[in-house]
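Visitor: I'll drop the sequence and a predicted model, then ask my questions.
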Amino acid sequence: MITIKSLTEFHELIQKEKVFVDFYADWCGPCKMLDMVIAEVEEMEEIPFVRVDCDRFHGIAKEYKVMNVPVCMIFENGKVVRSQSGFMRKEELVEFLHQ
């Protein structure tokens, strides 16, 4: 999982063909639970997994209308094609990735 360190890095990463982005906050309990699920699913997938700390990068969160966390998005060539808020079980996350 790639934890972004700059706005430029984020915009470069989402330009790829398909990217999973996890908007999270360190203080968020469901985010921590989702981290474990994401780590397990990431091993089975070939797309990049990116994390955005909404407290550190609140401008990015605002740009993508992230009002609460966790929020997961699929970007394709720089555009959001799918979004889901809240905790997801492994099966739900896999389905979300392949819809």
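Guide: Nice, I can see it. Residues are numbered from 1 along each chain as shown.

Visitor: how far away is Gly59 from Gln15?
Guide: Distance, Gly59 to Gln15, by Cβ to Cβ, to the nearest Å: 18 Å. Just so you know, the C-beta spots here come from the backbone N, C-alpha and C atoms, and that holds for glycine as well.

Visitor: ok, now Val50?
Guide: 12 Å.

Visitor: what about these two, which has more around it?
Guide: Each of Val50 and Gln15 has its neighbours counted (other Cβ atoms under 10 Å); Val50 has more, 21 against 13.

Visitor: work out for me the element that one sits within.
Guide: For Val50, the host element (DSSP states H and E) is strand 49-53.

Visitor: over to Lys62?
Guide: Using DSSP H and E, Lys62 falls within helix 58-63.

Visitor: buried ones in that helix, by neighbour count?
Guide: Residues of helix 58-63 classed as buried: 60-61 (neighbour count, 16 or more other Cβ atoms under 10 Å).
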